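> the following block contains a protein sequence and its predicted model.
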Amino acid sequence: MDEFTIAAARQFAGDTYATDTTGIVLEEAREGFARCRLDIEPRHHNAHGRVMGGAIFTLADYAFAVAAGCGEQPPTVSVTSNIQFISSPKCSRLYAEANCLKSGRSTCFVDVTVSGDDGSLVAKIEVTGYRLSR
């Protein structure tokens, strides 16, 4: 793991819902980008045996938070999120890649793609973030 990713992991260590409860792992971070992983376990399934939409959204939201708020950026929270669930994952691992499209003084715009380890596209998320004061 490179130094930027290690620093980002330390910075977001307090996000225990994403990391401890849900089990999300930060794999890579750089200014305006994050890649996170979720190993699907039975705890992530809904009553129909499919991956719960909330688990998919949590993965995407965490990737957004890291991409938008690590490095020199102030802490950033989502103001709006638009998620499109494209397919139900039939794989054992999900990845979220977040890319900051525009980073302003008080807002940012981030695209997140969630895909399976089998190459399937699972979800697309557009997030508008708000920069908090330090």
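Cool, the structure landed. Remember, predicted model here, so these are calculated numbers, not experimental data. Numbering: from 1, shown residues only.
> quick one: list the elements packing against the host helix or strand of residue 36.
In this assignment (DSSP states H and E), residue 36 forms part of strand 33-39. Here strand 33-39 touches strand 24-30, helix 53-69, strand 93-103, going by 3 or more CB pairs under 8 Å, 6 or more residues apart in numbering; DSSP states H and E. Where C-beta positions appear, they are placed from N, C-alpha and C, glycine not excepted.
> and it, what's its mean pLDDT?
Per-residue pLDDT over strand 33-39 has a mean of 98.
> how about stretch 104-111?
Computed over stretch 104-111, the average pLDDT equals 96.
> quick check, residue 82 in contact with residue 112.
No. Judged on CB atoms under 8 Å, residue 82 makes no contact with residue 112 at a distance of 10.4 Å.
> the two: which has the busier surroundings?
residue 112 (25 against 9; other CB atoms under 10 Å).
> run through the bridge partners of that one.
For residue 112, the beta-bridge partners under DSSP bridges are residue 98, residue 125.
> might you report the residue contacts of it?
When contacts are counted by CB atoms under 8 Å, 6 or more residues apart in numbering, residue 112 touches 60, 63-64, 67, 96-99, 123-127.
> what about residue 19, which SS state?
Classification of residue 19 using DSSP: H, G, I helix; E, B strand; the rest coil returns helix.
> do you know how far the most centrally placed residue in the chain is from residue 56?
In the chain, the centroid-proximal residue (CA atoms, centre = their mean) is residue 63; its distance is 2.2 Å. Applying CB to CB, to the nearest Å, the value for residue 63 to residue 56 is 11 Å.
> any residues in contact with both of residue 82 and residue 112?
Between them, residue 82 and residue 112 have 125, 126, 127 as joint contacts when contacts are counted by CB under 8 Å, 6+ apart.
> who wins for neighbours among these?
residue 127 (27 neighbours).
> that residue contacts residue 113, correct?
No. Applying CB under 8 Å as the test, residue 127 and residue 113 come out as separate, 11.9 Å apart.
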